[in-house]
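Chemist: Sharing a model prediction with you, sequence too.
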Amino acid sequence: MTEILVLYYSRYGATADMARRITRGIEEVPGCQARLRTVPAVSAVCEAVAENIPGEGPPYAGLDDLRECAGLALGSPTRFGNMAAPLKYFIDSTSSLWLSGALAGKPAAVFTSTSSLHGGQESTLLSMMLPLLHHGMLLLGLPYSESALLKTTSGGTPYGPSHTAGTDSKQPLTEEEKELCRALGRRIAHTAKALQR
Ligand SMILES: Cc1cc2nc3c(=O)[nH]c(=O)nc-3n(C[C@H](O)[C@H](O)[C@H](O)COP(=O)(O)O)c2cc1C
């Protein structure tokens, strides 16, 4: 038998229903069977035990940080061509801001790092824009008038800055990658300022 894995996460049942219907379709094909699997929810206990201020590095973000900002640069290492779960988990806690439109009209941009050159920088960047669009944010990329965008042989995309960190994730940023990060910072700052006028 050809076994097809149907792997899903569902909290309220709609995706589970879809998954079951997909398994039926699979099993309508002679010689095929479905294996239905799910994953557990991320436990909220994790956030209950975390300190508000980490041992090192900047403090953890809260909703007020988003509410109070004039613009946003959102970064995540690439995880399977997408943003990392902890960031997504935080974004998923922003419904109250979405309901009140607190971020609507604010400029935002995204940046990422991958291990490999073709490991999903663009897909990560584009998918990171989606929740920001739902929030009504104004997405900024990088224009090709930034010459580093044409010169780079590692990271750097019109969708936002990126970095190729290598298999050990230790490769330093190239000059072009650094320049594009800076350029984006400038771009957000200029835009936020202009919008606040
Ligand atoms: C679970 C997991 C998934 C990953 N997925 C990808 C990937 O799709 N493409 C890629 O090039 N690197 C992938 N990586 C490597 C990370 O993107 C890489 O370690 C990251 O860019 C390092 O950034 P950081 O130092 O900010 O964590 C993955 C790493 C982990 C742990």
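Modeler: Received it, and whenever you're ready, just let me know what you need. Numbering: from 1, shown residues only.

Chemist: how about the nearest residue to residue 82, chain neighbours excluded?
Modeler: residue 127 (5.4 Å; Cβ to Cβ, 6 or more residues apart in numbering). C-betas here are computed from N, CA, C, even on glycine.

Chemist: buried stuff in the helix or strand hosting the one you found?
Modeler: Per DSSP states H and E: residue 127 is located in helix 121-134. Residues of helix 121-134 classed as buried: 121-129, 131-132 (neighbour count, 16 or more other Cβ atoms under 10 Å).

Chemist: quick one: contacts of that helix?
Modeler: The contact list for helix 121-134, computed with Cβ atoms under 8 Å, 6 or more residues apart in numbering, reads 72, 74, 76, 78, 81-83, 91, 94, 98, 103, 108, 110-112, 114, 139, 155, 157, 159-160, 162, 164.

Chemist: contacting residues for residue 151?
Modeler: By Cβ under 8 Å, 6+ apart, residue 151 lies in contact with residue 176.

Chemist: Kindly report the same for residue 147.
Modeler: Contacts of residue 147 by Cβ under 8 Å, 6+ apart: none found.

Chemist: Excluding sequence neighbours, find me the nearest residue to the residue in the chain positioned nearest to the ligand.
Modeler: Closest residue of the chain to the ligand, Cβ to the nearest ligand atom: residue 119 (2.0 Å). Leaving out its chain neighbours, the residue that sits closest to residue 119 by Cβ to Cβ, 6+ apart is residue 78, at 6.0 Å.

Chemist: Could I have the buried ones of the contacts of helix 121-134 as PyMOL selection syntax?
Modeler: In PyMOL, a selection of the buried entries from these looks like this (16+ other Cβ under 10 Å):
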select buried, resi 72+74+76+78+82+83+91+94+103+108+110+111+112+114+139+155+157+159+160+162+164
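
Chemist: Could you list which of the contacts of helix 121-134 also contact the ligand?
Modeler: Within the set of those, contact with the ligand (Cβ under 6 Å from any ligand atom) is found for 78, 81, 114.

Chemist: Confirm for me that the second one is in contact with residue 120.
Modeler: When you say that, I think you mean residue 81. Yes. The criterion here is Cβ atoms under 8 Å, and residue 81 meets it with residue 120 at 3.2 Å.

Chemist: what pairs with residue 157 across the strands?
Modeler: Per DSSP bridges, the residues bridged to residue 157 are residue 160.

Chemist: likewise residue 72?
Modeler: residue 108.

Chemist: Report the contact partners of it.
Modeler: 66, 103, 106-109, 132, 137, 188.

Chemist: from those residues, which is closest to residue 33?
Modeler: residue 132 (40.5 Å; Cβ to Cβ).

Chemist: and the gap between that closest one and residue 66?
Modeler: According to Cβ to Cβ, to the nearest Å, residue 132 and residue 66 sit 11 Å apart.

Chemist: One more: residue 75?
Modeler: From residue 75 to residue 66 the distance is 14 Å (Cβ to Cβ).
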